[in-house]
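> mind folding the following:
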Amino acid sequence: MGQKLKTTGWVAAGVVAGVLTTVSLQTVARGSLAPLPLEELQQLAAVFGMVKTDYVEPVDEKKLISDAISGMVAGLDPHSQYFDKKSFKEFKEGTSGRFVGVGIEISQEDGLIKVVSPIEGSPAFRAGLKPNDLITKIDDTAVRGLSLNEAVKRMRGEAGTKVLLTIYRKDENRTFPVTITREEIRTQSVRGKMIEPGYAWIRLSQFQERTVDDFVKKVEELYKQDPNMKGMVLDLRNDPGGLLDAAVAISAAFLPQNVTVVSTDGQLAESKSIYKAAPEFYQRRAGSDPLRSLPGALKNVPLVVLVNEGSASASEIVAGALQDHKRGIVMGSQTFGKGSVQTVRPLGPDTGLKITTARYYTPSGTSIQAKGIVPNVLVDESAEGSPFAALRMREADLDKHLNSGQGPEDKSPEREKARDEARKRLEEEAKKPPQDRKVPEFGSDKDFPLMQALNQLKGQAVVVSKTQTIVENKEEKKEN
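Below you'll find the model as predicted:
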């Protein structure tokens, strides 16, 4: 029996060795100078063999290897990730801005799913769903108790299949069913409107493949409404980032030709790059500049960039570039601080590896990582202040986060004190009736930071925050 176990273990180890040989060849092919640690790899193979033969019940070899890869990558930093078949598909949907579903932007309200907006032309739009409609059931499943992600998964599915939504329309005080056939949806990452004559608001919710084209279309639309634009607000609040080339393009839309937008630095030669405000750095098709039809006036229109703690990655690149080149006033709260570059490498037809390969630096050479962009003007999220901002996670709060590369971080005890106070306020807030806890919608006349941005553009008094503190790094300036 012992000999049988030993033989099986070596067979299992042979499976791992075969995989490691492939990895080794790929590593050499990528120009690595460091040999792989043989002793540690032998230990990995031995553990694989023991688990395969000694564990209380049979385990799947492929799952073991997949879990081993996931664990190895997860130990690096919060953003590196191994994609299995399912997660790789979801990742590609997220960056492409395409998925199969009903076509609504949603949020949660009172335990139900609230329709923020149906996507124009989508099945939900054609079915007559309206903003503020509440979804109470998805097929036979009650929505109350479901997380937002669980509700999204139930509404998504295969193209051509049907889903039954039960809708409660508050202003009509009625409940009714709607059967919707799922289709491929193209999400809208760009919204915009004229706030008042002469002043435009454009909001980017994410940097996707379609973002640049949608941005150009929206800018053209706004300039047709009012050719004599006096000012614009670029709203990047809660924008988690996305595609680097899209961020470079949006920056280039406002900046002079060929100035630096962002630079990156890492181990690989390809990670040491400078991205400029020129078509070759953001165009997806050779010879085609997606910004070519933008009005020339956009280069000089007075600009305010709105950011908050939820503005991360690509949105921080845009805010940093416009701030460093003094092209616009950055207003709001200190941003998230995700200043690292992730590169996605396919490992096969349906799996992949997202791995951190570089840090981002603003045009002045400042690292965004674990610090973020500090606004020119600090503004609270409401007239009463930003009572819960301290509770929001930032890059510097994440376990195993990459440091800035420009000196040690300063862990502020004042921030922990602010968090304790915010938790107490949140407990009190939770006791209020639901209608008194609603956050004003971005872009509305009750959107306090937007109104302050408008005041800035008009040269009027801005209500500056008296409570916000900056999370600083004790840094040494990077030498270039």
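
> the strands in the stretch 101-250 of the chain, which residues?
104-109, 112-118, 134-138, 141-142, 162-169, 174-181, 183-186, 190-196, 199-204, 231-235 (DSSP state E, counting those that start in this stretch).

> got the contact list for the fifth one?
In this structure, residues lying in contact with strand 162-169 by C-beta atoms under 8 Å, 6 or more residues apart in numbering are 102, 112, 129-130, 133-139, 154-155, 157, 174-182. Any C-beta I mention is one placed from the backbone N, CA and C, and that applies to glycine too.

> out of the residues you listed, which are buried?
102, 112, 129, 133-138, 154-155, 178, 180, 182 (16 or more other C-beta atoms under 10 Å).

> among the strands of the stretch 101-250 of the chain, which is nearest residue 326?
strand 231-235 (14.9 Å; C-beta to C-beta).

> quick one: average pLDDT of the closest one?
On average, the pLDDT along strand 231-235 is 98.

> how about the CA coordinates for it, as CSV?
Coordinates of each C-alpha in strand 231-235 appear next as CSV, following Å, rounded to 0.1, in the frame of the first residue of the first chain:
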residue,chain,number,x,y,z
GLY,A,231,-17.1,76.3,-18.7
MET,A,232,-17.2,72.5,-18.3
VAL,A,233,-17.2,70.1,-15.3
LEU,A,234,-15.5,66.7,-15.9
ASP,A,235,-17.0,64.4,-13.3
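
> can you tell me which residue is spatially central in this protein?
residue 240 (2.4 Å; C-alpha atoms, centre = their mean).

> wait, that one sits on residue 310?
Yes: assessed by C-beta atoms under 8 Å, residue 240 is found in contact with residue 310 at 7.0 Å.

> report all helices and strands that the host helix or strand of residue 73 contacts.
Per DSSP states H and E, residue 73 falls inside helix 61-74. Packed against helix 61-74 by the contact rule (3 or more C-beta pairs under 8 Å, 6 or more residues apart in numbering; DSSP states H and E) you find helix 2-29, helix 38-54, strand 81-83, strand 352-361.

> just to revisit the earlier point, so for residue 339, which of the strands of the stretch 101-250 of the chain sits nearest?
strand 199-204 (18.4 Å).

> quick one, the closest one and strand 231-235 angle?
Relative orientation of strand 199-204 and strand 231-235, computed by axes from the mean of the first three to the mean of the last three C-alpha atoms, to 10 degrees: 20 degrees.

> partners of strand 199-204 in the sheet?
Here strand 199-204 is paired, per DSSP bridges, with strand 190-196 (antiparallel), strand 231-235 (parallel).

> okay, now the unreliable bits of the chain?
Under the criterion pLDDT under 70, the flagged ranges of the chain are 1-34, 97, 386-394, 407-439, 469, 471-480.

> ranges for the helices of it?
2-29, 38-54, 61-74, 85-96, 123-126, 148-155, 211-225, 244-254, 314-324, 413-429, 448-458 (DSSP state H).

> list the buried ones in stretch 83-92?
So stretch 83-92, judged by 16+ other C-beta under 10 Å, has buried residues 83-84, 88.

> isn't residue 232 right up against residue 303?
Yes: using C-beta under 8 Å, residue 232 is in contact with residue 303, at 5.5 Å.

> which one's more surrounded, those two?
Neighbour comparison, residue 232 and residue 303: the larger count goes to residue 232, with 26 against 19 (by other C-beta atoms under 10 Å).

> so what's that one closest to, chain neighbours aside?
residue 200 (4.7 Å; C-beta to C-beta, 6 or more residues apart in numbering).

> now residue 197
Going by C-beta to C-beta, 6+ apart, residue 197 has residue 226 as its nearest residue, at 6.3 Å.

> what does residue 353 give?
Nearest one to residue 353, counting by C-beta to C-beta, 6+ apart, is residue 345 at 5.0 Å.

> domain assignment for the protein?
Structural domains of the chain, as assigned by automatic domain parsing, span the residue ranges 2-59, 98-186, 190-458.

> any idea which of those domains is most buried?
Burial of those is given as mean neighbour count (mean count of other C-beta atoms under 10 Å); domain 190-458 ranks first at a mean of 18.

> gap between the two ends of it?
24 Å (C-alpha to C-alpha, to the nearest Å).

> next: stretch 288-296.
18 Å.

> what does stretch 193-202 give?
7 Å.

> just the residues contacting that stretch, thanks.
Residues contacting stretch 193-202 (C-beta under 8 Å, 6+ apart): 190-192, 215, 218-219, 222, 225-226, 228-235, 443, 450, 454, 457-458.

> would you tell me which one of the buried residues of stretch 83-92 comes nearest to residue 353?
Using C-beta to C-beta, the buried residues of stretch 83-92 come closest to residue 353 at residue 83, 7.0 Å.

> any idea how far the closest one is from residue 356?
Plainly put, residue 83 is 15 Å away from residue 356 if you go by C-beta to C-beta, to the nearest Å.

> likewise for residue 60?
Counting by C-beta to C-beta - residue 60 and residue 356 are separated by 29 Å.
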